[in-house]
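Participant: Compute the structure for the input listed below.
(one chain, ligands or ions: 1)
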Amino acid sequence: MKLFDVYPLFDIEIVKGKGCYTYDSNGTEYLDLYGGHAVISIGHSHPHYLKSIQEQAEKLVFYSNSVINSLQQKFANLLGEVSGYDDYQLFLINSGAEANENALKLASFHTGKKRVLAIGKAFHGRTSLAVEATDNPKIIAPINANNHVTFCPLNDIDAISSELAKGDVCAVIIEGIQGVGGIQIPTNEYLQALRAECDKSDTVLILDEIQSGYGRSGKFFAHQYSGIRPDIITMAKGIANGFPMSGILINPKFKATYGMLGTTFGGNHLACAAAIAVLEVFKAENLIENARNVGEYLMTELKKIDGIKEVRGEGLMIGLEFDTPAKEIRTRLLKEQHVFTGASGTNVIRLLPPLVITKQQADEFISRLKAVLA
Ligand SMILES: Cc1ncc(COP(=O)(O)O)c(C=O)c1O
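Facilitator: Sure, this is the predicted structure:
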């Protein structure tokens, strides 16, 4: 059987990982400034994480959501404590798109409306509503083009206000920091104004923190720099360090009814064990603080390098914009310097390293990048 060929692949097979490094099938070591697309939060093969999932797997991998799973409550308690959203409710699913799909569905149930405002260059995933709210016509199939979504430019509050004034919008969805869109940051003033506009019009404000959340920005969620509290927050990527899992945090004003949302796999025992281990490591190793400190250091050093047009980001979510396409730089970083990075559009390289990255490893990256740019 052939694989459905949708991914352009690098000719490399990664077979092992440790901390901030990965290793290919020939034993070559790579510095990982990509974290498998922002997924590796506590580092590859963290011993506490491995022990937790191994112990859980020996007891029980899965049972359905028809019986009590106290691991879900243990995870919720820990997440409430670490995120500052102890008063919110938690619903668990399996992927980022699924988190946004459920958030948008909940907003529509809650308001009885069905139009959504999303932001230019947004990426929210590939399921039906999530992809409709994604600003990329190439990945919207005819069956997904249902005219639910209007796009407004980032940081343009007037565009949002005039759409909300029409009275038919259930939700505004916005990324904490745009990832696929090229590390574009909503200003604090914009997020505060958005919160006020949503309050005024009874619209649900959804923060997609799938890439920017889970400590990556130097706060648990990127929107926490602005002081606002969204109605729904979506999370995935770093939540279980590679075990497929996602969740939505839901303001207490939303009332649950049986059957309103549901899933077979979401919140299963093994996923919860992985997610609990992740937050235990966050606390034990002060990973949010590390993301803030090493991120600040990296950005300061990157800004000193000639040949980069702009360095932008928060914490360990950093974009390097070049005047010309960055593909060759990225390929040389990988092939010659053995560094994994991510891309955004044509001219931007994205850095999304594990949150355990040290200053020494940041220096190692800087010198390898300089070697390519020299
Ligand atoms: C901001 C954001 N939202 C949603 C998604 C979709 O997540 P998934 O691929 O797990 O469905 C992504 C994935 O890159 C993302 O970056």
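
Participant: Could you pull up phi and psi at the closest residue to the ligand within the chain?
Facilitator: Minimum separation of the chain from the ligand (C-beta to the nearest ligand atom) falls at residue 96, amounting to 2.1 Å. Every residue, glycine included, has its C-beta placed from N, CA and C. Residue 96 has phi and psi values of phi -60, psi -50 when expressed as degrees, to the nearest 10.

Participant: what about it, how many residues close to it?
Facilitator: 25 (other C-beta atoms under 10 Å).

Participant: Same check on the one 3 residues further on?
Facilitator: Other residues within reach of residue 99, judged by other C-beta under 10 Å, total 33.

Participant: before we move on, what about residue 217?
Facilitator: 27.

Participant: So which residues of the stretch 101-250 of the chain form strands?
Facilitator: 115-119, 149-152, 169-175, 204-208, 232-235, 246-250 (DSSP state E, counting those that start in this stretch).

Participant: sorry, back to before: residues contacting the residue of the chain closest to the ligand?
Facilitator: 124, 125, 130, 208, 210, 211, 234, 236, 237, 246 (C-beta atoms under 8 Å, 6 or more residues apart in numbering).

Participant: just residue 53 next, same as before
Facilitator: 243, 270, 273, 274, 277.

Participant: What of residue 314?
Facilitator: 177, 185, 212, 217, 218, 222, 225, 295.

Participant: Identify the bridge partners of it.
Facilitator: Assessed by DSSP bridges, residue 314 has beta-bridge partners residue 317.

Participant: Identify the residues contacting stretch 119-127?
Facilitator: 95-101, 118, 130-131, 133-136, 139, 151-154, 173-175, 178-182, 184, 186, 208, 210.

Participant: let's see 7 Å
Facilitator: 96-98, 100-101, 130-131, 133-135, 139, 151-154, 173-175, 178-182, 184, 208 (C-beta atoms under 7 Å, 6 or more residues apart in numbering).

Participant: Weed out the non-buried ones from these.
Facilitator: 96-98, 100-101, 130-131, 133-135, 151-152, 154, 173-175, 178-182, 184, 208 (16 or more other C-beta atoms under 10 Å).

Participant: in this protein, which residue is closest to the centre?
Facilitator: By C-alpha atoms, centre = their mean, the mean C-alpha position of the chain lies nearest to residue 211, the distance being 1.4 Å.

Participant: who's in contact with that one?
Facilitator: Residue 211 touches 38, 175, 179, 237, counting by C-beta under 7 Å, 6+ apart.

Participant: Using TSV, lay out these together with pLDDT.
Facilitator: Below are the contacts of residue 211 laid out as TSV (pLDDT from 0 to 100):
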residue	pLDDT
38	98
175	99
179	98
237	98
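
Participant: which among the contacts of residue 96 are in contact with the ligand?
Facilitator: 124, 125, 208, 210, 211, 236 (C-beta under 6 Å from any ligand atom).

Participant: burial measure for the fourth one, as a count.
Facilitator: Translated: residue 210. 28.

Participant: try the second one
Facilitator: Residue 125 is surrounded by 23 other residues when neighbours are defined as other C-beta under 10 Å.

Participant: Pull up the gap between it and residue 283, please.
Facilitator: Distance of residue 125 to residue 283, given as C-beta to C-beta, to the nearest Å: 29 Å.

Participant: Please apply the same query to the third one.
Facilitator: As for residue 208, its distance to residue 283 is 25 Å (criterion: C-beta to C-beta).

Participant: And the last one, by the same measure?
Facilitator: Residue 236 sits 20 Å away from residue 283, going by C-beta to C-beta.

Participant: The two - which one has more neighbours?
Facilitator: residue 236 (28 against 12).

Participant: surely residue 366 meets residue 301?
Facilitator: Yes: here residue 366 reaches residue 301: they are 5.0 Å apart, a contact under C-beta atoms under 7 Å.
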